[in-house]
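need a structure here:
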Amino acid sequence: MGASGRKWPLFALGLLGMLVLFAGLLACGVGVFFSAVILQMAQVFTYLRLSGQHCAHLDRA
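So this is what the prediction gives:
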């Protein structure tokens, strides 16, 4: 399973990622560290969803 049929959502994720990183740069450069982590988590989540894998399920006790 590839990215066929999902090109626009992937493009939107990339565009949103650039905007988040730019916002991190505007926060005196320090925000890049936080926004890069958030962007990386979004990319991992997207990869797992596109490859058919499941994310971790947290059982609430």
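
contacts, neighbours, all on C-alpha from now
Noted.

wait, doesn't L21 sit right on Q40?
No. Counting by CA atoms under 8 Å, Q40 is not a contact partner of L21; they are 11.0 Å apart.

So for the two, which sits in the more crowded spot?
L21 (22 against 12; other CA atoms under 10 Å).

Determine the set of other helices and strands touching the helix or strand encompassing the more buried one.
Per DSSP states H and E: L21 is located in helix 7-26. The contact analysis (3 or more CA pairs under 8 Å, 6 or more residues apart in numbering; DSSP states H and E) places helix 7-26 against helix 31-50.

Centre of the chain to the helix it packs on, how far?
3 Å (CA atoms, centre = their mean, to the nearest Å).

can I get the CA coordinates of it in PDB?
Extracted in PDB, the C-alpha atoms of helix 31-50 (Å, rounded to 0.1, in the frame of the first residue of the first chain):
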ATOM      1  CA  GLY A  31      10.200  27.100  19.200                       C
ATOM      2  CA  VAL A  32      11.800  25.100  16.400                       C
ATOM      3  CA  PHE A  33      12.800  22.400  18.900                       C
ATOM      4  CA  PHE A  34       9.300  21.900  20.000                       C
ATOM      5  CA  SER A  35       7.600  22.300  16.600                       C
ATOM      6  CA  ALA A  36      10.100  19.800  15.100                       C
ATOM      7  CA  VAL A  37       9.100  17.200  17.600                       C
ATOM      8  CA  ILE A  38       5.400  17.800  16.900                       C
ATOM      9  CA  LEU A  39       6.000  17.600  13.200                       C
ATOM     10  CA  GLN A  40       8.000  14.300  13.600                       C
ATOM     11  CA  MET A  41       5.200  12.800  15.600                       C
ATOM     12  CA  ALA A  42       2.700  13.700  12.900                       C
ATOM     13  CA  GLN A  43       4.900  12.200  10.200                       C
ATOM     14  CA  VAL A  44       5.300   9.000  12.200                       C
ATOM     15  CA  PHE A  45       1.500   8.800  12.800                       C
ATOM     16  CA  THR A  46       0.900   9.400   9.100                       C
ATOM     17  CA  TYR A  47       3.400   6.700   8.100                       C
ATOM     18  CA  LEU A  48       1.800   4.200  10.500                       C
ATOM     19  CA  ARG A  49      -1.700   4.900   9.200                       C
ATOM     20  CA  LEU A  50      -0.600   4.700   5.500                       C
END
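
Since that was my last question, I'll sign off now.
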